[in-house]
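Next comes the sequence, and after it the predicted model I'd like to discuss.
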Amino acid sequence: MKKLGFGFMRLPILTEGDFTSIDIEQVKKMVDIFMEKGFNYFDTAYPYHGEKSEEALREALVKRYPRNAFIIADKMPTIRVTGPQDYPVFFETQLERCGVEYFDYYLFHNIWKKSFAETEAYGGFDFIAEKIKEGKIKHFGFSFHDEPELLEKVLSRHPEVEFVQLQLNYLDWKSPSVRSEECYNVARKYGKDIIVMEPNKGGSLIDLPKEAERLMREYSPHSSNASWAMRYCASLEGVRIVLSGMSNIAQLKDNISFMDNLVPLNDEEKEIIEKVRDILEKDSAIGCTKCRYCTEDCPKSIPIPEYFSAFNTYQLTHNMGNAGMYYRRYANGRSLASECIKCGKCENHCPQHLEIRKLLEETAALFEKP
Ligand code: SF4
Ligand code: SF4
């Protein structure tokens, strides 16, 4: 299997700020190019794009290609499960939304301390075993953003898990909060296949500081920043798929250009990545991956990732004109960063363990000062 997976979480949209307005015609073209090149792994989830991602997959892929030509990965939205009765409801809804009879890969979405305890208590693992028996799930795993100690606990208690989806990228590899390397080592210790998510850290490894970009360009003038990040992950032993949330045809073609006949990183390239990591670690930008989990139950509907993106634009460019314009555009008709009531609900969901309340205060101080 080729290692590039098409993540349906950052699809092209028609109306800025409206994540449900998927540009389905462009997605169809992207799917066609992807399939034509021999790639076939697609990843979606219940909440992506305001619950429209699975339907987009059905329209752009399922209705247009034979079922055995592609692989679909979908995820049980653990965050919304309130008891055993919810599993069949979500699962059947997902089959219907995707227009399929079975899922090739099926995951518990975002296993962390609380969701793991709930999933065990609600009989989630038994539910999956039943669906495997019925032939409705071919391979079973979970996505994970928590600590390696918990990963060890889950894998030791559930040997039936076949694969783990981990946040891996060269910046988080040594990160004391994400601890990618340690999680990777645990997954390898248990012999699990690894699906990589966030190889570009939600785009943070695409827009690099000039100094970092210079190092990469000097070595390889025509390689994109994305190619360094993706090849870093794809070069790791045990990695089966590297997901990329591609938002347009140009990004798709770029990804295909280096993932088609993948060349693993050599020692010199690894050294350059170490240097780039050092540069980025000095940078104080917010490590938000734009996954949007935090926005699910924010009582003020604050567009948190968009505000952090504006903040990061300022950190990188020190150009208040542009960054301020982004902030005002995102804020148009929505709650301001300063309107956060500090309930903390968002922080419970943030896989990057960001102190969202504090960071929103800093964002408000930057953009809302008189
Ligand atoms: S702490 Fe603020 S941003 Fe977070 S959920 Fe509550 S109101 Fe929303
Ligand atoms: S703040 Fe955290 S949960 Fe929200 S989009 Fe960013 S990374 Fe995701």
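Okay, I see it. Numbering: from 1, shown residues only. Ligands and ions are numbered 1, 2, ... in the order given.

Identify all contacting residues around the top helix by length along the chain.
When the chain is parsed with DSSP state H, its longest helix is helix 267-282. For helix 267-282, contacts defined as C-beta atoms under 8 Å, 6 or more residues apart in numbering pick out 170-171, 173-174, 204-205, 208-209, 211-212, 215-216, 219-220, 228, 231-232, 265. The C-beta positions use only the backbone N, C-alpha and C, and glycine is treated the same way.

Now do it: distance to the chain's middle.
With C-alpha atoms, centre = their mean, to the nearest Å as the basis, helix 267-282 stands 22 Å off its chain's centre.

So this structure: which segments form each domain?
Using automatic domain parsing, the domain parsing of the chain gives 4-282, 293-367.

need the ones you listed in CSV with mean neighbour count, mean pLDDT and distance to ligand 2, can you?
CSV is the format used below for the domains of the chain (neighbours: other C-beta atoms under 10 Å; pLDDT from 0 to 100; distance: least, C-beta to the nearest ligand atom, whole Å):
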stretch, mean neighbour count, mean pLDDT, distance to ligand 2
domain 4-282, 18, 95, 7
domain 293-367, 17, 88, 3
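
one step back: among the contacts of helix 267-282, which are in helices?
Per DSSP H, helices hold the following members of the contacts of helix 267-282: 211-212, 215-216, 219, 228, 231-232.

and residue 135, what does it touch?
Listed by C-beta under 8 Å, 6+ apart, the contact partners of residue 135 are residue 102.

my hunch is that it is in a strand, does that hold up?
No. Applying DSSP: H, G, I helix; E, B strand; the rest coil, one finds residue 135 to be coil, outside a strand.

Which strand residues bridge residue 142?
With DSSP bridges as the criterion, residue 142 is bridged to residue 108, residue 164.

tell me the contacts of it?
Contact analysis of residue 142 by C-beta under 8 Å, 6+ apart lists 107-109, 111, 154, 161, 164-165.

swap the cut-off to 7 Å and go again
Going by C-beta atoms under 7 Å, 6 or more residues apart in numbering, residue 142 touches 107-108, 111, 161, 164-165.

Residue 334 reaches residue 303, doesn't it?
Yes. Between residue 334 and residue 303 there is a contact at 5.5 Å, judged by C-beta atoms under 7 Å.

that older thread, of all the domains of the chain, which one is nearest ligand 1?
In terms of C-beta to the nearest ligand atom, the element of the domains of the chain nearest to ligand 1 is domain 293-367, at 3.2 Å.

Quick one: end-to-end distance for the closest one.
For domain 293-367, the first-to-last residue distance is 24 Å (C-alpha to C-alpha, to the nearest Å).

Stretch 199-218 too?
Start-to-end span of stretch 199-218 (C-alpha to C-alpha) is 22 Å.

Next: stretch 10-25.
15 Å.

what does it rub up against?
Contacts to stretch 10-25, defined as C-beta under 7 Å, 6+ apart, come from residues 26-27, 49-50, 52, 56, 59-60, 245, 247-248.

Let's have those in TSV, adding distance to residue 294 and secondary structure.
Output for those, formatted as TSV (distance: C-beta to C-beta, whole Å; DSSP: H, G, I helix; E, B strand; the rest coil):
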residue	distance to residue 294	secondary structure
26	27	helix
27	25	helix
49	16	helix
50	14	helix
52	19	coil
56	22	helix
59	28	helix
60	27	helix
245	17	coil
247	20	coil
248	25	coil
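
residue contacts, the closest residue in space to residue 347 that isn't next to it in sequence?
For residue 347, ignoring the flanking residues on the chain, the nearest one in space by C-beta to C-beta, 6 or more residues apart in numbering is residue 356 at 5.2 Å. Contact analysis of residue 356 by C-beta under 7 Å, 6+ apart lists 294, 304, 346-347, 350.
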